[in-house]
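**Student:** Any chance you can model this:
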Amino acid sequence: MEFFKKLLKEEDKVDLTPMIDVTFLLLIYFMVTTMLKQPEAELSIQLPGKPANSDLKPMPMLSVEIGDYGQVILNGSEIEQATTSTGAPNYEMLDLVANLKQQKSMRD
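**Tutor:** Numbers count the residues shown, from 1 in each chain. Down below sits the predicted model:
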């Protein structure tokens, strides 16, 4: 009976040595990594200067309208959209018409 009491008393103790070792290793790791990281305030950044010719001309306003049947009207004049000058389909114009129609339907 005395043997079991002694055995139980020894099992109740928890060895904390590995936990202390891991704690110190983590502490050293974080201390070293924070010292190696350069703060962002000390980074040298080359910002662009003011351009020599700062007289920017405003772009002209464009008015684009899409008719009920898909015709494109740019600044009051209708643009032929089906083909380019080479006779190939003008996919960019067709994409523009589709995007504008979609935006219009979303607003309505």
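
**Student:** Going by length in residues, pull out the top helix of this structure.
**Tutor:** Under DSSP state H, the helix in the chain containing the largest number of residues is helix 17-36.

**Student:** pLDDT on the helix or strand that comes right after that one, on average?
**Tutor:** The first helix or strand that comes after helix 17-36 along the chain, using DSSP states H and E, is strand 64-66. In this model, strand 64-66 has a mean pLDDT of 77.

**Student:** list the helices and strands strand 64-66 packs on?
**Tutor:** Using 3 or more CB pairs under 8 Å, 6 or more residues apart in numbering; DSSP states H and E as the contact criterion, the elements in contact with strand 64-66 are strand 72-74, helix 91-107. C-beta: built from backbone N, CA, C; applies to glycine.

**Student:** Residue 18 is nearest to which of those?
**Tutor:** Evaluated over these, closeness to residue 18 peaks at helix 91-107, with 62.1 Å, by CB to CB.

**Student:** in the chain, which segments are predicted with low confidence?
**Tutor:** Applying pLDDT under 70 to the chain picks out residues 1-12, 36-40, 53-54, 70, 80-90, 108.

**Student:** again, only this time at 90
**Tutor:** Within the chain, the ranges that satisfy pLDDT under 90 run 1-18, 31-108.

**Student:** How much space separates the residue nearest to residue 76 when sequence neighbours are not counted from residue 14?
**Tutor:** Nearest residue to residue 76, sequence neighbours excluded (CB to CB, 6 or more residues apart in numbering): residue 63, at 7.1 Å. According to CB to CB, to the nearest Å, residue 63 and residue 14 sit 80 Å apart.

**Student:** what do you get for residue 32?
**Tutor:** Taking CB to CB, one finds residue 32 at 30 Å from residue 14.

**Student:** more neighbours, those two?
**Tutor:** Using other CB atoms under 10 Å as the criterion, residue 32 and residue 14 rank with residue 32 on top: 9 against 6.

**Student:** quick one on the thing from earlier: for the longest helix of the chain, packing partners?
**Tutor:** Partner elements for helix 17-36 (3+ CB pairs under 8 Å, 6+ apart): none found.
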